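Participant: would you be able to build a 3D model of this:
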Amino acid sequence: MHYKSMGLRSLVMKDLFGKALYNYVTGVSKEDLLTETSISEQDVLPISYLFRTYDQMPQIEKKALALSKGSVLDIGAGSGSHSLYLQEVRKMDVIALDSSKGSIQCCQERGILKTIHKDVFELHSITFDTLLMLMNGSGIFGKYQEVTNKLEQLKGLLNPSGQILIDSSDIIYMFDQDEDGGHWVSTENEYYGELTYTLTYQGKSQTTSWLYLDFNSLSRLSEAAGFQCELILEGDHFDYLAKLTLKQV
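Facilitator: Reported below is the predicted structural model:
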């Protein structure tokens, strides 16, 4: 699996991800991360990739940053690369949010002015023009059956003309095919994009649930939550960028 869409930023039980980010930005350690899913073998994720500049970002991320408007909430900000670009280059009002304390400390070290250390689904009484959900933004939904409910919660964070910019990947390509073109998919989970995701850093590991969502499913589930869903761009690794806007009554 390509690490551009790896589900990293929900791994906060031990906050290994946040620790790795903070250690890197403060010069304590440049040790890379090891990642593994329930359908893929362990692979190295270069820590430096998480601190990529705008020029190093894939086109999907660049497009999302170009489409961002008004006040922005960068959900799962991680190292803050997207927030930093919006703040410093586009001069936008952006808040970096992450449930990882280490990630938020990293963002602050990098000069991001506004940060929130909180689970986005516990955030209330504030609204935005853009909710930015990048690096497999659908991952925070966890389970297929939770998508519509959690999108309905995110509606409370949007201004009436607001938008959600979210990317994800259709990982059906990772499953074996038969000679008729059908895919051999385990029925262990309700949906083939539901994975367990394990991160290892400095000899310690933690595992979480993570969701990769194909566009058709996102479109259907977001419509049930009261959104219109538009496919904006498709990437080189079965990934895509979508824009969700509130249905007009």
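Participant: give me the most central residue, the chain.
Facilitator: Ranked by distance to the mean C-alpha position of the chain (C-alpha atoms, centre = their mean), the top residue is residue 137 at 2.9 Å.
Participant: contact partners for that one?
Facilitator: Neighbour list for residue 137: 75-76, 166-168 [criterion: C-beta atoms under 8 Å, 6 or more residues apart in numbering]. (Each C-beta comes from the backbone N, C-alpha and C, glycine too.)
Participant: okay if I get the residues you listed as TSV plus neighbour count, secondary structure and distance to residue 35?
Facilitator: Output for the contacts of residue 137, formatted as TSV (neighbours: other C-beta atoms under 10 Å; DSSP: H, G, I helix; E, B strand; the rest coil; distance: C-beta to C-beta, whole Å):
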residue	neighbour count	secondary structure	distance to residue 35
75	27	strand	20
76	24	coil	16
166	28	strand	21
167	26	strand	18
168	28	strand	17
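Participant: closest one of these to residue 39?
Facilitator: Closest approach between the contacts of residue 137 and residue 39, by C-beta to C-beta: residue 168, at 15.8 Å.
Participant: tell me, how many residues neighbour the closest residue to the closest one other than its chain neighbours?
Facilitator: Leaving aside its sequence neighbours, residue 168 sits nearest to residue 138 (C-beta to C-beta, 6 or more residues apart in numbering; 4.0 Å). Applying other C-beta atoms under 10 Å, we find 27 residues neighbouring residue 138.
Participant: surely residue 138 is in contact with residue 170?
Facilitator: No. Counting by C-beta atoms under 8 Å, residue 138 does not reach residue 170; the two are 10.7 Å apart.
Participant: hmm, back to that, dump the contacts of residue 137 into CSV; add distance to residue 49 as well.
Facilitator: As requested, these are exported to CSV (distance: C-beta to C-beta, whole Å):
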residue, distance to residue 49
75, 20
76, 16
166, 20
167, 16
168, 19
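Participant: closest one to residue 214 out of those, please.
Facilitator: Once C-beta to C-beta is applied, the member of the contacts of residue 137 that ends up nearest residue 214 is residue 168, at 7.6 Å.
Participant: on that earlier part again, intersection of neighbour lists for residue 138 and residue 170?
Facilitator: Joint contacts of residue 138 and residue 170 (C-beta under 8 Å, 6+ apart) are 212-213.
Participant: is it correct that residue 51 is in contact with residue 24?
Facilitator: Yes. Between residue 51 and residue 24 there is a contact under C-beta under 8 Å: 6.9 Å.
Participant: how much space between residue 140 and residue 210?
Facilitator: 9 Å (C-beta to C-beta, to the nearest Å).
Participant: between the two, tell me which one has more neighbours.
Facilitator: Each of residue 140 and residue 210 has its neighbours counted (other C-beta under 10 Å); residue 210 has more, 26 against 22.
Participant: for my notes, confirm that one occurs in a strand.
Facilitator: Yes. The assignment for residue 210 is a strand, going by DSSP: H, G, I helix; E, B strand; the rest coil.
Participant: retrieve the pLDDT associated with it.
Facilitator: pLDDT recorded at residue 210 is 93.
Participant: wait, isn't it in contact with residue 144?
Facilitator: No. At 11.6 Å, residue 210 does not count as touching residue 144 under the criterion of C-beta under 8 Å.
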